[in-house]
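> Could you look at this predicted model? Sequence included:
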Amino acid sequence: MDVEATADEVVARLRAFTNRERHAATENYFPSAQEILGVYAADMRSVVRDIKKRTKHEDAKTVYRLALAIIGRNTLEGRQAAYEIFDSHKPAMAALNLKQLEALGKGIDNWASVDGFACGLSGIAWQKGQIKDADVKRWARSKDPWWRRAAVVSTVPLNLKSRGGSGDTKRTMMICEMAVGDEHVMVHKALSWALRQLVEHDAKAVRAFLKKHDAELPALVKREVNRKLTTGKK
């Protein structure tokens, strides 16, 4: 596979789906320093499906290089596509290490990019033991709020059955504790999500966490997590 040519093709095909209304909504909903093309998810995934077929028999190194090349074209939708292409390739995911992971995450600057990275790549790698607790804790201490969000969202796959998670109170709480007192709203929202996901496995631990940090947690976190505990709904 010609990695550079394929990366150019991916971005060109995404660009062909540009939609003015989608562009405006994307700029408003997850602003980014990356170029925003304005592509609906269904259109992006039509491109992703085709590239997945073409990378099926490629080796892990080639798929990694392709993902980096697509990300290097600096479009928001291209980054999302790159993460989905990589996530679907079992050998690439099995070979993923910290150095590669942080290279793939370089430039995350909005919640959509962070969540694609954390739910599709870093959380799975952590769950499988390919990165260490210390690595995720380092992200949680980062000066960059997007890497702090990535740390918190990386707990979600630990507790998400569809991503192979079976419940991991210890590591989820380890990172959630580090997020208490964070001033960034996107970290607050990530904390809410992480706790709500853990409710399905360990509601008792989540209730204890809310009680312990009642004076420190943002109202949004307490409201959303208590709703999940009470109703079972988001």
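Great, that's in hand. Numbering: from 1, shown residues only.

> Which of the helices or strands spans the residue nearest to residue 72 when sequence neighbours are not counted?
Residue nearest to residue 72 in three dimensions, not counting chain neighbours: residue 7, with 7.3 Å by Cβ to Cβ, 6 or more residues apart in numbering. Where C-beta positions appear, they are placed from N, C-alpha and C, glycine not excepted. Residue 7 is part of helix 3-15 when elements are defined by DSSP states H and E.

> buried residues in that helix?
Residues of helix 3-15 classed as buried by neighbour count (16 or more other Cβ atoms under 10 Å): 3, 6-7, 9-11, 13-15.

> average pLDDT across the longest helix seen in the chain?
With residue count as the measure and DSSP state H as the assignment, the chain has helix 185-212 as its longest helix. Taken as a whole, helix 185-212 has an average pLDDT of 97.

> tell me the helices in the chain, going along the chain?
In chain order, the chain shows helices spanning 3-15, 20-29, 41-55, 60-72, 76-87, 90-95, 98-105, 111-117, 123-127, 133-140, 145-153, 169-179, 185-212, 219-231, with DSSP H as the criterion.

> Among those, which comes closest to residue 163?
helix 123-127 (6.4 Å; Cβ to Cβ).

> What's the mean pLDDT across that closest one?
For helix 123-127, the per-residue pLDDT values average out at 97.

> which helices and strands does it pack with?
Contacts of helix 123-127 with other secondary structure elements, assessed using 3 or more Cβ pairs under 8 Å, 6 or more residues apart in numbering; DSSP states H and E, are made with helix 133-140.

> could you check the angle helix 185-212 makes with the helix it packs on?
Direction vectors for helix 133-140 and helix 185-212, defined by axes from the mean of the first three to the mean of the last three Cα atoms, to 10 degrees, enclose an angle of 120 degrees.

> and stretch 59-73, how far out from the chain's middle?
Relative to the chain's own centre, stretch 59-73 is displaced by 17 Å; criterion: Cα atoms, centre = their mean, to the nearest Å.

> and for it, what are the contacting residues?
1, 3-4, 6-8, 10-11, 55, 58, 78-79, 81-83, 85-86, 89, 91-92, 94-96, 100, 103-104, 106-107 (Cβ atoms under 8 Å, 6 or more residues apart in numbering).

> Can I get it in CSV, CA atoms only?
Taking Å, rounded to 0.1, in the frame of the first residue of the first chain, the C-alpha atoms of stretch 59-73 are listed here in CSV:
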residue,chain,number,x,y,z
ASP,A,59,0.6,-5.5,8.5
ALA,A,60,0.4,-3.5,11.8
LYS,A,61,3.2,-1.2,10.9
THR,A,62,1.6,-0.1,7.6
VAL,A,63,-1.7,0.6,9.3
TYR,A,64,0.0,2.6,11.9
ARG,A,65,1.9,4.6,9.3
LEU,A,66,-1.4,5.2,7.4
ALA,A,67,-3.2,6.5,10.5
LEU,A,68,-0.3,8.9,11.2
ALA,A,69,-0.3,10.1,7.6
ILE,A,70,-4.1,10.8,7.7
ILE,A,71,-3.8,12.6,11.0
GLY,A,72,-0.8,14.5,9.6
ARG,A,73,-3.2,16.0,6.9
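
> residues of that stretch that come out buried?
When burial is assessed from 16+ other Cβ under 10 Å, stretch 59-73 yields the following buried residues: 60, 62-73.

> any idea how this protein splits into domains?
For the chain, whose domains are defined here by automatic domain parsing, the residue ranges read 1-95, 110-234.

> Between the helices of the chain, which one is closest to residue 159.
Of all those, it is helix 185-212 that lies closest to residue 159, at 4.5 Å by Cβ to Cβ.
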